[in-house]
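Chemist: A structural model of the following input is requested.
(2 chains)
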Amino acid sequence: GENVEQHPSTLSVQEGDSAVIKCTYSDSASNYFPWYKQELGKRPQLIIDIRSNVGEKKDQRIAVTLNKTAKHFSLHITETQPEDSAVYFCAFPPGGYNKLIFGAGTRLAVHP
Amino acid sequence: GAGVSQSPSNKVTEKGKDVELRCDPISGHTALYWYRQSLGQGLEFLIYFQGNSAPDKSGLPSDRFSAERTGGSVSTLTIQRTQQEDSAVYLCASSRQGASNEQYFGPGTRLTVT
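Modeler: Residues are numbered from 1 along each chain as shown, chains lettered A, B, ... in the order given. Predicted structure coming up:
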């Protein structure tokens, strides 16, 4: 089936702490795994993505790791800042299809 | 360059009326997507267009929903005989080609059915 489970649904951290969000997907043929950030009242924007030929990708304070055997991928944010507060969505394209299925989202709150 | 635009930004309609929502994708993007986002919820896939191929309509929730894309550019999402449960933000996105490329989202149309 076409399904991605995202956890946790809400996450509250202190500024400077790390945050980790995990997604588990259903289709082992999928090969592209993006993460989108949606600030309150704004449109979703891509923050990082990973393809199945690598296990980890980093971009400053953000990293994504992929475990294809277990069919899960995770978003890691280090040294969190208040501006990281937003809803984060993982997504994946079920193999053979050209659409993205999004997770239910994680609402991250970073407290000063 | 110009991003994805959508119109109207807000639409209030009475139950039972038809509505049309418009999306202008980024020039040169061959893929176009429609999503629905209910308050505080995730992104629900509705329909996908890729070039001249037949659209993937697998996400449309009922036959009251339809969409077309003219000339490989502008797209219109039509909801007939609107119901209160249709109230949501309808987001359009475009990408260069297919789902394995960054999707650029429009600002959305907030639909309220009274």
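Chemist: so residue 41 is in which element?
Modeler: As the question left the chain open, I've gone with chain A. Assessed by DSSP states H and E, residue A:41 sits outside every helix and strand.
Chemist: can you give me the neighbour number for it?
Modeler: 8 (other Cβ atoms under 10 Å in any protein chain shown). Where you see a C-beta, it was placed from the backbone N, CA and C, and this is true even at glycine.
Chemist: one more: residue A:78?
Modeler: Taking other Cβ under 10 Å as the criterion, the count of residues near residue A:78 is 14.
Chemist: ok, it touching residue A:61?
Modeler: Yes: contact criterion Cβ atoms under 8 Å: residue A:78 and residue A:61 qualify, at 5.0 Å.
Chemist: by mean pLDDT, which helix or strand of chain A comes out lowest?
Modeler: When the helices and strands of chain A are scored by mean pLDDT, DSSP states H and E, strand A:101-102 comes last with a mean of 90.
Chemist: do chain B as well
Modeler: Using mean pLDDT, DSSP H and E, the weakest-scoring helix or strand in chain B turns out to be strand B:44-50, at a mean of 93.
Chemist: are it and chain A in contact anywhere?
Modeler: Yes: contact of strand B:44-50 with chain A (Cβ under 8 Å from any Cβ of the partner chain) involves B:44-45, B:48, B:50.
Chemist: who wins for neighbours among those?
Modeler: Highest count within these by other Cβ under 10 Å belongs to residue B:48, 24 neighbours.
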